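*Asks:* got a structure for you, letters missing:
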């Protein structure tokens, strides 16, 4: 569970509704189905016109990703690669055959299989870098989808407000309805601006950060497998791969593992 | 037929008109020929001043592209190239003469013809990369056209509203006409903002995604032909080209073809 | 004459004035010298403060470029270079002395003269690429000038409106003048937004497209001269240079010329 | 203490409150807890949804960094490296063992330790450049956090104003409360726009400048250690590293140190 | 004296004040010390919080640069370098010792001194390119400062207007003061938008153009010194360096100098 996402969303919604209640307004007056139809229908209509159906579905599914902790752990990945490197140094790359079968990550599996097949480091790097840039592009699609939604939503909210004001202006003869009519019109703005700034854009940003961290794991795998293939010293591989970790990850565990490797190497 | 585009456009238009109807306004009050003349005339006047006539015509034709599924299939392209690679390995590149004649894609045809003419890989790559960047630039023109239209449209909608308000202000003496005058003025904003956000910008975005996928096909062809020319192992070519496919395309067909190639190779 | 530019500008102006007339407003009420002084004086004052005097003059002159067809024809350039390539192949690069004297384009002349002077291809490329990036930078100046004008104009239009509203607010005691006062104030917005979106920004865009096509001609010349200097096969040079042409230019004339070259080569 | 930051913040707050007081308004009317709840709760809710919890905490801590002078002094770093370079020239790189133990900067320590361990310059550069880009990414997180806060804050301020106006419109029947109701609504805009432009965005900018200067120090260390490892002339190293200093830093101390080095070398 | 800057600023100010006078408003009503305190205090407070004190001071000093003609003359620089090149060719690089002492530009002096000290061209290039990127970064600081001021100023102008409107709304009971109160509030907008668009942003743009031209001079010096060091033909150096000049500078003096060099060479 990504606590920050949950706290953030709850805090934002409470601030808006609580603020409305504190000012003495009823929260109910913010519930306007017509405004919701215009803003949501317009925003996601525009998004469907812009993106393929598959991307739209993936984007809705990826909301979940913004609220759960990612499974991957870059330190565990490094440890596994160092284990492979030590084994490969002693018994040859081919001895990793059985280990490769057990790997669940398809990227690491493909890279290691290619390495054991005797593919040259340069070709292996080119192929796997294509895979990475492919994963990057796929990971960017939901980010762009929610960014686009965050771009359309406020302007369509304003569109809804203008539609409401047109309606109000046509009935100026009955001043008693003027105020409440304008109030209804403004709710569309609240929906459009609020959804964009409190939901769509922050989710897009969180997905971006998670996608970035996912790609770093793949990069660690690629650099690791190539280093194994080139027969580098496991201790040096460890030093190199640890540079991909953030400073806090590096500090948590004060290089005890690296030291262990140093002794082994 | 690109379902997402059709559903998206219909959903967006229904949301706006349905919302207007649900609020008790007549959809008819959104029909203002004067506002349409100002907004459409101003937007496409500005676009014609900015773009050459040929680009404007291509851009209007390319709207269709946003609503039909592209014919190309990158997996079929890869299969064909692997077939060529196997044949070239056994019988030499020159044996592809007859196959090259039957190719309908002008890009693949030119690349393969150059390869059979004995052009060096480096020169072939340079020439075909120029072609790709040329195709990219041409593909970007309608994208930029609709992006420009999406940029001009809202400001010209506001221009129309200001013109309407000037007219209203000059006739303040007759308050009974005030409301309906302002309503008319606001319709120009609805046209400008609505067309930009529900039509022009999403279509520009969809064209961008389709153009990108079109260019990937060309890149697969180029990398494939150069690999054939350099006499690479068909199995390796297959591995490399498959990296251009999205993960979903890769998973659909669980590498059965690649495995077949592996046996053949 | 660039038809698109003329049609675009006329269409945009007619849409605005026609819309005004159709709504029953007099076109005359859009003529406000004070608003024009504020908007034009402010915009071009800011532009002069931002750009050197020479750039400002060039930018005003370059408006003409947006309305005339460019003289250059990339296909003719390629044909001439292929002619040089054939001659140089048979009689040596030095035989082009007389032809070089007749060339009117200073860029091609300098490149060819350097080639005949025995300058090395690498040095020639460096020097001429500097010239190209220099031409690019000079071509960008009017583009940036009109872009800046398109950026300042709407905000200064709003400045004019605010100035007008201040004046109106100070004379609230005479309500009869209220409406017409506000109308005058709004005309500044119409000028600012209209000039930016219907004139400055589209002209900047058209100049950008024309400058790009101008630079491609220079790139064709450079690649051509270097290929001649390196003694490449004229047929290959033709293939390479044709990749710079847009697909429509390539299709118009179905490679008949290239075929001719093939025979000659 | 970063004087500019303190003066800047005090000047901005005084200008707003002083201006309010000079116009005859009470500063107290700018204190609206409801508006504060909406604007702050909405902004930081959105930020928490966008960023991981750890980044949010670091960002709040990093506010302090914007108000204190950084400890680092690039000239001192260069002097230390030149000292190392002279020693390494005379007694070999390995003689720096004891010095390396005393270094407090973990980056310089790691680089020097790798150098003494006999790591090749190319591998050392790759590893340490990864560290730098890692530090850069970590340094960018608070910058992006406050930039995001500066982006959300004004729109949520407007959201608060719209919520307030809805409330006002619903109570139009009591005109006496109209003005003060609108005033309250506007305070949300003041909070949103003011916090973004007078606090969040400037702090983000100051952190960016400080992070940049921090990275330059690391780059000086890396270039210095590699130069030592490659046995370059200390005088040349000094010339090279001094190029990283700003002109004012270079001028302060008129190359006396460099001259000293020259004599020594 | 940079005529364009002076004319531009005078034209812009006259257009605004003249427009105000022509509309019948008194220029005096645009003088509101309170608004000035809010807008100037807020803008420069935010700028001080964002930038170090030294950058703020440099930025204020650099306003002068936007109004004076730069001293440098790239053609004179080229002539001097060609003179050095001819001398170095005949009498060796070391013969430039006396000339180097007389050079006033510190960049050219350092480059030439390094060349005479026998520094390798590759190292000299690296070191001096660092100097250039350093100069570029320092030159960008005032540009960014005024750009930031141009970004803060309009929003703080709006902040001032909202503060004014809050004050007006609280005193709705006295309608006679309504208009003049709003007028005062709007003056803050005029200050904020006007200063940004007529002063801050144009000055930032002019400084950018001047900084660019300053850097080109340094690049000419660097390329020139390296060419001398590598013993290139002075005529070729002249051809290469002239490519950095704008077309108008090249045409002014129809290569008479270059021809002279050709004879000499």
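*Replies:* Thanks, I have the structure now. Bear in mind the structure is a predicted one, so any value in this text is a computation, not a measurement.
*Asks:* touching, residue A:78 and residue A:240? I think so.
*Replies:* No: taking contacts as C-beta atoms under 8 Å, residue A:78 lies outside contact range of residue A:240: 9.7 Å. The C-beta positions use only the backbone N, C-alpha and C, and glycine is treated the same way.
*Asks:* tell me which of these two has more neighbours.
*Replies:* It is residue A:78, of residue A:78 and residue A:240, that has more neighbours when counted by other C-beta atoms under 10 Å in any protein chain shown, with 24 against 19.
*Asks:* tell me the contacts of residue A:100?
*Replies:* A:109, A:112-113, A:116 (C-beta atoms under 8 Å, 6 or more residues apart in numbering or on different chains).
*Asks:* of the residues you listed, which belong to helices?
*Replies:* In helices, judged by DSSP state H, the following of the contacts of residue A:100 are found: A:109, A:112-113, A:116.
*Asks:* spatially central residue in chain A, please.
*Replies:* Closest to where the C-alpha atoms of chain A average out (C-alpha atoms, centre = their mean) is residue A:207, at 1.7 Å.
*Asks:* give me the three-state assignment for the residue lying closest to it once chain neighbours are set aside.
*Replies:* Distance criterion C-beta to C-beta, 6 or more residues apart in numbering or on different chains; nearest residue to residue A:207, sequence neighbours excluded, is residue A:143 at 5.0 Å. With DSSP: H, G, I helix; E, B strand; the rest coil as the basis, residue A:143 sits in helix.
*Asks:* give me the pLDDT for residue A:143.
*Replies:* Predicted confidence (pLDDT) for residue A:143: 97.
*Asks:* what's the burial count for it?
*Replies:* Residue A:143: 20 neighbours (other C-beta under 10 Å).
*Asks:* contacts only, for the residue in the stretch 1-150 of chain A that chain E sits nearest to.
*Replies:* Among all residues of the stretch 1-150 of chain A, residue A:23 sits closest to chain E, at 15.7 Å; criterion: C-beta to the nearest C-beta. Contacts for residue A:23 (C-beta under 8 Å, 6+ apart) come out as D:34, D:163-164, D:167, D:184.
*Asks:* for residue B:196, state which of these is nearest.
*Replies:* Comparing the contacts of residue A:23 against residue B:196 with C-beta to C-beta places residue D:163 closest, at 27.0 Å.
*Asks:* hang on, the earlier thing: mind checking how far the residue nearest to residue A:207 is from residue A:225?
*Replies:* Distance, residue A:143 to residue A:225, using C-beta to C-beta, to the nearest Å: 28 Å.
*Asks:* kindly report the same for residue A:98.
*Replies:* Residue A:98 sits 16 Å away from residue A:225, going by C-beta to C-beta.
*Asks:* the two: which is more packed in?
*Replies:* It is residue A:225, of residue A:98 and residue A:225, that has more neighbours when counted by other C-beta under 10 Å, with 29 against 7.
*Asks:* quick check: closest non-adjacent residue to that one.
*Replies:* Per C-beta to C-beta, 6+ apart, closest to residue A:225 is residue A:111, 4.3 Å.
*Asks:* ditto for residue A:130
*Replies:* Spatial nearest neighbour of residue A:130, chain neighbours left out: residue B:243 (3.7 Å); criterion: C-beta to C-beta, 6+ apart.
*Asks:* for the one you found, what are its contacts?
*Replies:* A:127-128, A:130-131, A:134.
*Asks:* try it again with 6 Å
*Replies:* Residues near residue B:243 by C-beta atoms under 6 Å, 6 or more residues apart in numbering or on different chains: A:127, A:130-131.
*Asks:* which one is residue A:3 nearest to, not counting chain neighbours?
*Replies:* Spatially, and ignoring its direct neighbours in sequence, residue A:3 is nearest to residue D:53 (5.9 Å; C-beta to C-beta, 6+ apart).
*Asks:* how close does residue A:49 get to residue B:207?
*Replies:* Distance of residue A:49 to residue B:207, computed by C-beta to C-beta: 11 Å.
*Asks:* what residues does chain A have near chain D?
*Replies:* Residues of chain A that fall close to chain D, judged by C-beta under 6 Å from any C-beta of the partner chain: A:3-5, A:7-9, A:11-12, A:15, A:19-20, A:22-23, A:25, A:179, A:182-183, A:186, A:189-190, A:193-194, A:197-198, A:202, A:205-206, A:239-240, A:243, A:246.
*Asks:* show me where pLDDT drops low in chain A?
*Replies:* A:71-72, A:175-177, A:250-265 (pLDDT under 70).
*Asks:* on that earlier part again, show me which of the contacts of residue A:23 is closest to residue C:120.
*Replies:* residue D:163 (71.6 Å).
*Asks:* ok, now which ones touch that closest one?
*Replies:* By C-beta under 6 Å, 6+ apart, the contact set of residue D:163 is residue A:20.
*Asks:* repeat that for 8 Å
*Replies:* Residues near residue D:163 by C-beta under 8 Å, 6+ apart: A:16, A:19-20, A:23, A:25, A:30, A:190, D:38, D:185, D:188.
*Asks:* can you redo those as a markdown table with secondary structure and distance to residue B:60?
*Replies:* Below are these laid out as a markdown table (DSSP: H, G, I helix; E, B strand; the rest coil; distance: C-beta to C-beta, whole Å):
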| residue | secondary structure | distance to residue B:60 |
| --- | --- | --- |
| A:16 | helix | 43 |
| A:19 | helix | 48 |
| A:20 | helix | 47 |
| A:23 | coil | 50 |
| A:25 | coil | 48 |
| A:30 | helix | 42 |
| A:190 | helix | 37 |
| D:38 | helix | 46 |
| D:185 | helix | 45 |
| D:188 | helix | 45 |
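*Asks:* closest one of those residues to chain B?
*Replies:* Within the contacts of residue D:163, the smallest distance to chain B is 15.0 Å, found for residue A:190 (C-beta to the nearest C-beta).
*Asks:* wait, the closest one touches residue D:160, no?
*Replies:* No: using C-beta under 8 Å, residue A:190 is not in contact with residue D:160, being 9.9 Å away.
*Asks:* out of those two, which sits in the more crowded spot?
*Replies:* residue D:160 (33 against 24).
*Asks:* against residue D:192, how distant is that one?
*Replies:* Applying C-beta to C-beta to residue D:160 and residue D:192 gives a distance of 7 Å.
*Asks:* need the contact list for the nearest residue in space to residue A:239 that is not next to it in sequence.
*Replies:* Leaving out its chain neighbours, the residue that sits closest to residue A:239 by C-beta to C-beta, 6+ apart is residue D:127, at 5.9 Å. By C-beta under 8 Å, 6+ apart, the contact list for residue D:127 reads A:239-240, A:243, D:114, D:119.
*Asks:* circling back to that earlier point, now do the shared contacts for residue D:160 and residue D:192.
*Replies:* Contacts common to residue D:160 and residue D:192, judged by C-beta under 8 Å, 6+ apart, are residue D:39.
*Asks:* what's the spacing between the residue located most distally from the centre of chain A and residue B:23?
*Replies:* No residue in chain A sits farther from the centre than residue A:173, which is 51.8 Å out by C-alpha atoms, centre = their mean. Noted for residue A:173: a distance of 17 Å to residue B:23, by C-beta to C-beta.
*Asks:* element containing the closest residue to chain E within the stretch 51-200 of chain A?
*Replies:* Relative to chain E, the nearest point of the stretch 51-200 of chain A is residue A:179 (16.3 Å; C-beta to the nearest C-beta). If you go by DSSP states H and E, residue A:179 is part of helix A:178-195.
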